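Engineer: What follows is a predicted protein model with its sequence.
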Number of protein chains: 4
Amino acid sequence: MIKSGDDYIKSLKEWGNVVYYNGQLVDDITTHQGLIPHINSAAQTYEMALQPEYEDLMTATSHLTGEKINRFTHIHQSPDDLVKKVKMLRLLAHQTGSCFQRCVGCDALNATYMTTYDIDQEHGTEYHARLVEYLRMIQAENLMVAGGMTDPKGDRSKPPSQQADKDVFLHVTEKRDDGIIIRGAKAHQTGAANSHEILLMPTQTMRTGDEDFAVVCAVPLNSPGILQIFGRQTNEERKFESGLDIGNAVYGLVGGETLVVFEDVFVPWERVFMCGEIDFTGLLVERFATLHRQNYGGCKGGVSDVLIGATALVAEYQGTDRASHIRDKIAEMIHLSETIYSCSIACSAMGSQTPCQSYYPDPLLANCAKHNVTRHIYEIARLAHDIAGGIMATMPFEADLKSEATGSYVEKLLAGVAGVPTENRLRILRLIENMSGGTALVESMHGAGSPQSQKVMYQRLSKMDMKKELAKRLAGITD
Amino acid sequence: MIKSGDDYIKSLKEWGNVVYYNGQLVDDITTHQGLIPHINSAAQTYEMALQPEYEDLMTATSHLTGEKINRFTHIHQSPDDLVKKVKMLRLLAHQTGSCFQRCVGCDALNATYMTTYDIDQEHGTEYHARLVEYLRMIQAENLMVAGGMTDPKGDRSKPPSQQADKDVFLHVTEKRDDGIIIRGAKAHQTGAANSHEILLMPTQTMRTGDEDFAVVCAVPLNSPGILQIFGRQTNEERKFESGLDIGNAVYGLVGGETLVVFEDVFVPWERVFMCGEIDFTGLLVERFATLHRQNYGGCKGGVSDVLIGATALVAEYQGTDRASHIRDKIAEMIHLSETIYSCSIACSAMGSQTPCQSYYPDPLLANCAKHNVTRHIYEIARLAHDIAGGIMATMPFEADLKSEATGSYVEKLLAGVAGVPTENRLRILRLIENMSGGTALVESMHGAGSPQSQKVMYQRLSKMDMKKELAKRLAGITD
Amino acid sequence: MIKSGDDYIKSLKEWGNVVYYNGQLVDDITTHQGLIPHINSAAQTYEMALQPEYEDLMTATSHLTGEKINRFTHIHQSPDDLVKKVKMLRLLAHQTGSCFQRCVGCDALNATYMTTYDIDQEHGTEYHARLVEYLRMIQAENLMVAGGMTDPKGDRSKPPSQQADKDVFLHVTEKRDDGIIIRGAKAHQTGAANSHEILLMPTQTMRTGDEDFAVVCAVPLNSPGILQIFGRQTNEERKFESGLDIGNAVYGLVGGETLVVFEDVFVPWERVFMCGEIDFTGLLVERFATLHRQNYGGCKGGVSDVLIGATALVAEYQGTDRASHIRDKIAEMIHLSETIYSCSIACSAMGSQTPCQSYYPDPLLANCAKHNVTRHIYEIARLAHDIAGGIMATMPFEADLKSEATGSYVEKLLAGVAGVPTENRLRILRLIENMSGGTALVESMHGAGSPQSQKVMYQRLSKMDMKKELAKRLAGITD
Amino acid sequence: MIKSGDDYIKSLKEWGNVVYYNGQLVDDITTHQGLIPHINSAAQTYEMALQPEYEDLMTATSHLTGEKINRFTHIHQSPDDLVKKVKMLRLLAHQTGSCFQRCVGCDALNATYMTTYDIDQEHGTEYHARLVEYLRMIQAENLMVAGGMTDPKGDRSKPPSQQADKDVFLHVTEKRDDGIIIRGAKAHQTGAANSHEILLMPTQTMRTGDEDFAVVCAVPLNSPGILQIFGRQTNEERKFESGLDIGNAVYGLVGGETLVVFEDVFVPWERVFMCGEIDFTGLLVERFATLHRQNYGGCKGGVSDVLIGATALVAEYQGTDRASHIRDKIAEMIHLSETIYSCSIACSAMGSQTPCQSYYPDPLLANCAKHNVTRHIYEIARLAHDIAGGIMATMPFEADLKSEATGSYVEKLLAGVAGVPTENRLRILRLIENMSGGTALVESMHGAGSPQSQKVMYQRLSKMDMKKELAKRLAGITD
């Protein structure tokens, strides 16, 4: 069983996922600078669970075994569990200032747990029992599971079965006695490079004709036939440098996403949790989306706290922290950050029990949480830029600060208030740059579903008929 | 004991508050068209508590007596109580589409309950016991209590004791053996015209020299020396008409605010809960503000639901409900409404216990709830106007629809889709007008504190030092 | 020829338009309190043209006669004329704080002037010459012309000819030797109650089968068969009071819109400027819309200036004008107001010549001007409410201030800083209420076309193909 | 005289500015990949001036010599010149999708031209004549001039003379018979690395005691004692790659800013245009700011056009271009882009003559233009991200597409609609990334002054007294 962060890193070295980075096969992901920060961040989900002060948030009691388990492998048993999940995410974001990736698998496990139960009720299948067995193993070994939902999708105006190349949607190519063969890909896979397992789910509601694409199953990421291609991040090259310019040297930024390719991968039946039941694809997608959207006010609220702190610091370093407009802008950043956090707390506290006895966040409010994130993170970043000043975009390389020819100029000319080393000012500016640039923002926008996907849910979930009746009654309309 | 809505109205008739409306003394507020809608709305806080399906939200069990009481007289005993308060407010707003006024007194009772306990601990006073006795009476008789905080304030750049006329702040003018004499006024008093009691609190932190202004006490609103002047609302004249043009004929809009004048009013000592303890004025104000800001996502969320329903209806009536931009705007209205609701739920679910064992919402998140309301209600109104169309502002009088000379023109020319009577279209447009105009918006902005009052709290409550430390650590700054 | 404001009012008395107000036929619109403010406002378009300091903006030289004419009857002869139009509108809004209504006819004349020329070129008709004759008369007599575009429209999902009752679109019912008979209605007709003439235009692009609805013609508003029904405004009853509570006692708010009914009205051929040429309906609508949207940053910019001034004053009166957040919010109001003004200036300065040699604003930028108004006026109003405070919505009636029983209380309790009479504070608050409430905002949103109508134009006018080519070239895409 | 883009590049090679990049002295800036894109972009200011179709915008007639000159060296002689400047900037941004840097010097020349005239009038100095001579040379040789205003500033709560190290503000250290010696630095110097000259101005209003900091002068950037340190941009490393991943391979992004260090640089008196006249520092700063803020709706409007085109293309490539929400978001991007452009046009068209007969944009509206840019560019970027999708942040390296091991996967899995090569989709996504990330946004925010600097101007320039008088009159207040 993996316990500490070091255990986790050691386990990854042995696991041997096949990952390509910048056109090259990575020998050992745990020693490759392009991946290290993301691995460090995920390792915190292990490490902090060992610390007594965080135990209440970071661990839970398995409803299957009664054992203490990592909360990321837990099936939510109460609204309080849902709230603790959000608090745990904020805590980890405080620690890492980044994405720690492990929530995706947790959400996939929970969504699949609920839905396999319902499929079995309807179809007399045995998916739920299989999933429970799988879950026992994950909990016992404390594995990191990626959640694989988003397919590349090709031409978005066409269903899976009508794509020119069907591989743009993951699908079953063969059903054998001992298992199935799957093929295709999953895109934007946060943390997959450094996960042990991946729990695969369909990316959208499947219709008649698309049965092969209605597949849920789990596979080890080191399975034959799987390869991953690491995405290029904003300023990714700085990860290979010594430090100051990268901003967040230890934990990097966002999750380190990969394109995961499945080239005829075998999955034994005991790892298959849906296979052709198109009538449950919509429900599964909605549940995973809800569980994942629930998170965003937690982790992004936490990330925003760090960014707010960094921005307040840079104002101090530059001598502008007393200006009323600066104070007002920081208050606005706090407002936006607490708003997204509130939404995540609310959907959790309003969670309800599912038929299988687990707990599920309020879906309308979970969508609301995520939708606010798609806007507010951008505004928080904008305000950070406002306060940090143009220097954020024009400051020299670390090498200029260290150079004999130019170091003394940088040192004295970029000094702020007395007593603050220029290097500290640059460090905090680089952290702001790291947290408020391209890749970080895009992830807040599109992770757990694009803005429009939440708007679509609003129409469905908001009880419009009831609202219209209320209005009619008050307007004195009888019909 | 008052039970039903009718009981309540009858009690008001007997109570005999002195209210001026449009320069005239009101004979009987329960038969005066300017007040009836507000009384109807408050009456729902009694009436709905009698309905079994709403009992769980509308009533509670007194921690003092174990009796079932109206939730508006309850001291919160758990986060669940706090959440139920918010849900109750949304429910009542669904019923009334308006303000039902009674939350103010509930918040005043809770804030005073907590704070008298703390004053007694510090000063060895006996305020808490007095308050408990008062509360027992309120719970037993089920009285409606106004919460009186906001003073007129005069010149805002000066403290109370330096105002040209001290009456712009309520204050003690005499301390006698049997009680105190108070003088001054409270402005914007929601529901005071039709409440039985008022629980008075200082309007701001008081400093040395302002001890006379640090007074908390309760008085019946029919006490000698009290008179109220009713505020003029947007389109208030329509309340005196037959109906269609008023929009919300039964419940009117917002709370019906008065300026309450205290002309040397006597208060016996058993009704005095603070008298000179300036060191607790700030805490009391903050607590009342938090408890009151907690509400706004509940009641305004509910009011917004009605407005969203009305807007969706008018789109149907006009044949525009399938247009994608209309659908998108309605989704946006839902988003904003659920956001404010989420914030109120979150601060409630994150509530914590006070020294006196009652429960208190998270103050940072409660401020966040109210601050979002000050913005989102305006945007919701704007979107309602967008969808309703210009007809909202140019449609004829009801009399034109009823007139022989013009009725047939209005009837046929303002018809929308087939099958919807023109009158219904006009009714729903008038409801939208009622809910999205001047007074309604201003109340959402300034009730429970102006926007800036929340921003000030953000700086204080948001743990900036912790945030800065997080940023420093990630940026590699050691100092 | 009408010269002064008084001449104009006298002319209206004689003209004798048939107007219903609140179900009653109005005897004399010039002595009816419901209409007087709007007439006062329109009268300023005459009166200010007589004042030497405004002559350059308020008058122009007729390109037909070389005579000095009122600019509202002018055909724009240069970009400078277009810019002066916008400046004139801001000037008049400064004077009236309201809508002065006369721009609509000006825009109708200009749009019709351009388009009759083009129709004649294509169809060999003689509309332009007729229009020129009509224009000579309008310029010579200095008449006020309403511009009638918007039809009631009925079920918006159906074309005119398929409506259950065709009268929801104005149309020709008979063509005779001497002229045509028209029937139907125009809605939201700003200033029509107190105009002499109305220039009627189709409300949308007409298709085959809708030829009868493709009619442009001018009729005196006192023609047999025309009746108008006056719309009910926000707080319209206050116009019948003595003064303080109305806010803007002299000029009221917005334009005083009517529903104009045409019950078989005869129009001689010399007043018909289009009759069945459906191929030019779209162009005419677009041109009128552009010319009218051009205005909104002028007049609403001017109205906003007054509202900003009022808001700054109320802050002074209440002692909050030095607070940094108040100053920031006023700066924001200025920003929004100058933004809309800038857009109107820009589309004017970028105006271009039409085939008939008149000048036309840049249509993309004119849409941009109006679209910003649909948002910014609401935000300006919201900020005014923020600064004014809750007192705006809860202050007593004027009668309470005047009453012996309550006057002294209102006087002393609602006093602000020393030296400012309470009445002045109330006056400025009522002005803010008047300018930032329901009807005023809705007009800013929907006048000259709803927000969506501008968005539709963006797609058409913004040269997307060119933009895509620029992007391709820079991205190195060759195809 | 420099004519073509090639001439310009050749001239730079000879000029020999001392530039450090990433800690290393750059041998030849014209062959250094970190600088080439910026040089290419600036070269377009020469090259496009040679093309007949752009001549009207790109060139002007010198008011000194009557010769045709590059518009970037022109002193504006009319509002039309001001408008053409804005149009020229939009045109160049269409061509480059980036910053072409040369406007700064143009604005510096114009601001100095006006202000030297005024100083001479007041102080009897001869600065204006010197400046005219300098200008003749610049026009004749068609040199590129950087405009140096922003000093590093150190502790912002202290004036220049009280800084711990005075070098954080540029200042005169010695006045000699033949000239002066200056020392200090200028930060964020757009285009300075590849300019010939720099025209230096004080960074803020100087007070008594800060006379040494009130210096305006021009120096060749290859002068002894000057060295520049190049700022690190977002994704700057990609400039050293082959192409696809950089996004805008030819022109890069923004201007390539440097920190320019002045280590006791000699300036002959004929190049000194202010020396100690602190009473004119405020006016000079305001004028330069106005002239520079005028630009932003031009260049950023043009850059936004490219980004809008790229976003529309990516929607096509991905098969989402017909979705109503996509169309609406693109319309919104157009709205924002045309709004900023409108503001720049408006301040230009409303430009007025200065005492020296040159023309100056309306300062209130110029501030409005820039302030809108500080917001709208961020929202345009956010909408681009929304439409582009998460793939923007997770797509593989170009090397993955080219690699034998992974290329075929990337090729087929990231394909969009049929017929569009995957590479083209990636190219356009990389262009969007390039244009909407960190450095690009920050420059739009802080170039020509931070948001607060515009808000401060609003209060000063907006004629608040007039606005208050308008409100008083309408409210019936006489005092």
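Structural biologist: Okay, I see it.
Engineer: what's around A:Ser324, how many residues?
Structural biologist: 13 (other CB atoms under 10 Å in any protein chain shown). In this view, the C-beta of every residue, glycine as well, is placed from N, C-alpha and C.
Engineer: Now do the same for it: its pLDDT.
Structural biologist: Looking at A:Ser324, its pLDDT is 96.
Engineer: for A:Ser242, same thing?
Structural biologist: 78.
Engineer: my guess is it is in a helix, correct?
Structural biologist: No - checked against DSSP: H, G, I helix; E, B strand; the rest coil, A:Ser242 lies outside a helix; its state is coil.
Engineer: So it is in contact with A:Glu398, correct?
Structural biologist: Yes - between A:Ser242 and A:Glu398 there is a contact under CB atoms under 8 Å: 7.2 Å.
Engineer: and the stretch 201-350 of chain A, which of its residues are near chain D?
Structural biologist: A:227, A:229-235, A:237, A:245, A:254, A:257-259, A:261, A:318-320, A:322-323, A:325 (CB under 8 Å from any CB of the partner chain).
Engineer: Most proximal residue of chain A with respect to chain C?
Structural biologist: A:Ser324 (3.5 Å; CB to the nearest CB).
Engineer: residue contacts, that residue?
Structural biologist: C:324-325, C:328 (CB atoms under 8 Å, 6 or more residues apart in numbering or on different chains).
Engineer: Which ones among the residues of the stretch 201-350 of chain A next to chain D lie within strands?
Structural biologist: A:227, A:229-230, A:257-259, A:261 (DSSP state E).
Engineer: The closest residue to A:Gly243 other than its chain neighbours in helix, strand or coil?
Structural biologist: Ranked by CB to CB, 6 or more residues apart in numbering or on different chains and with sequence neighbours excluded, the top spatial neighbour of A:Gly243 is A:Ala249, at 4.8 Å. Following three-state DSSP, we place A:Ala249 in the coil state.
Engineer: I'd say A:Ala249 and B:Gly476 touch.
Structural biologist: Yes - counting by CB under 8 Å, A:Ala249 touches B:Gly476, with 6.0 Å between them.
Engineer: Compare those two and say which is more crowded by neighbours.
Structural biologist: A:Ala249 (23 against 19).
Engineer: For the more buried one, give its distance to D:Leu474.
Structural biologist: Distance, A:Ala249 to D:Leu474, using CB to CB, to the nearest Å: 61 Å.
Engineer: Ok, A:Val83 next?
Structural biologist: Distance from A:Val83 to D:Leu474, by CB to CB: 54 Å.
Engineer: now do A:Glu433
Structural biologist: On the measure of CB to CB, A:Glu433 and D:Leu474 end up 50 Å apart.
Engineer: more crowded one of the two?
Structural biologist: Neighbour tally, A:Glu433 and D:Leu474, criterion other CB under 10 Å: the higher count belongs to A:Glu433, 30 against 26.
Engineer: Verify the contact between the more buried one and A:Met392 for me.
Structural biologist: Yes - under the criterion of CB under 8 Å, A:Glu433 makes contact with A:Met392 at 5.7 Å.
Engineer: where do the contact lists of those two overlap?
Structural biologist: D:Gly438.
Engineer: The residue nearest the centre of chain A - nearest residue in space that isn't next to it in sequence?
Structural biologist: By CA atoms, centre = their mean, chain A has its centre lying nearest to A:Gln101, at 5.0 Å. What sits nearest to A:Gln101 in space, not counting adjacent residues and going by CB to CB, 6+ apart, is A:Gly191, at 2.8 Å.
Engineer: Which neighbouring elements make contact with the helix or strand of chain A with the lowest mean pLDDT?
Structural biologist: When each helix and strand of chain A is scored by mean pLDDT, DSSP states H and E, helix A:438-446 comes last, with a mean of 90. When contacts are defined as 3 or more CB pairs under 8 Å, 6 or more residues apart in numbering or on different chains; DSSP states H and E, helix A:438-446 sits against helix A:363-388, helix D:363-388, helix D:391-394.
Engineer: the more surrounded of A:Ser242 and A:Glu398?
Structural biologist: Between A:Ser242 and A:Glu398, counted using other CB under 10 Å, the more crowded position is A:Glu398 (23 against 11).
Engineer: Please report the distance of that one from A:Arg430.
Structural biologist: Applying CB to CB to A:Glu398 and A:Arg430 gives a distance of 8 Å.
Engineer: With A:Glu14 instead?
Structural biologist: 34 Å.
Engineer: more neighbours, these two?
Structural biologist: A:Arg430 (26 against 8).
Engineer: Would you confirm that the more buried one contacts B:Gly476?
Structural biologist: No - judged on CB under 8 Å, A:Arg430 makes no contact with B:Gly476 at a distance of 9.5 Å.
Engineer: Can you pull the residues that touch both of those two?
Structural biologist: By CB under 8 Å, 6+ apart, the residues touching both A:Arg430 and B:Gly476 are A:Leu244.
Engineer: hmm, back to that, could you figure out how far whatever helix or strand comes next after the least confident helix or strand of chain A is turned away from helix D:363-388?
Structural biologist: Toward the C-terminal end, the helix or strand that comes next after helix A:438-446 (DSSP states H and E) is helix A:451-461. Using axes from the mean of the first three to the mean of the last three CA atoms, to 10 degrees, the inter-axis angle of helix A:451-461 relative to helix D:363-388 is 80 degrees.
Engineer: What residues of helix A:451-461 count as buried?
Structural biologist: Using 16 or more other CB atoms under 10 Å in any protein chain shown as the burial criterion, the residues of helix A:451-461 that qualify are A:451-458, A:461.
Engineer: Also near chain D: which of these, exactly?
Structural biologist: A:451-452, A:455.
Engineer: And the pLDDT at A:Asn434?
Structural biologist: So, for A:Asn434, pLDDT stands at 94.
Engineer: Which of the helices or strands spans it?
Structural biologist: Short version, using DSSP H and E: A:Asn434 is in helix A:422-436.
Engineer: Show me what that helix is packed up against.
Structural biologist: helix A:296-318, helix A:363-388, helix A:391-394, helix A:398-402, helix A:407-413, helix B:464-475.
Engineer: So the nearest residue to A:Val168 once chain neighbours are set aside, which state does it fall into?
Structural biologist: Nearest in space to A:Val168, with sequence neighbours left out and distances taken as CB to CB, 6+ apart, is A:Gly154 at 3.6 Å. State at A:Gly154, reduced to three classes by three-state DSSP: coil.
Engineer: do the same with A:Ala60
Structural biologist: strand.
Engineer: what do you get for A:Val172?
Structural biologist: Assignment for A:Val172 (three-state DSSP): strand.
Engineer: Touching, it and A:Met206? I think so.
Structural biologist: No - taking contacts as CB under 8 Å, A:Val172 lies outside contact range of A:Met206: 11.8 Å.
Engineer: between the two, which one's more packed in?
Structural biologist: Between A:Val172 and A:Met206, counting by other CB under 10 Å, A:Met206 is the more crowded of the two (26 against 20).
Engineer: Number of residues surrounding the nearest residue in space to A:Asn194 that is not next to it in sequence?
Structural biologist: Spatially, and ignoring its direct neighbours in sequence, A:Asn194 is nearest to A:Ile39 (4.8 Å; CB to CB, 6+ apart). A:Ile39: 23 surrounding residues under other CB under 10 Å.
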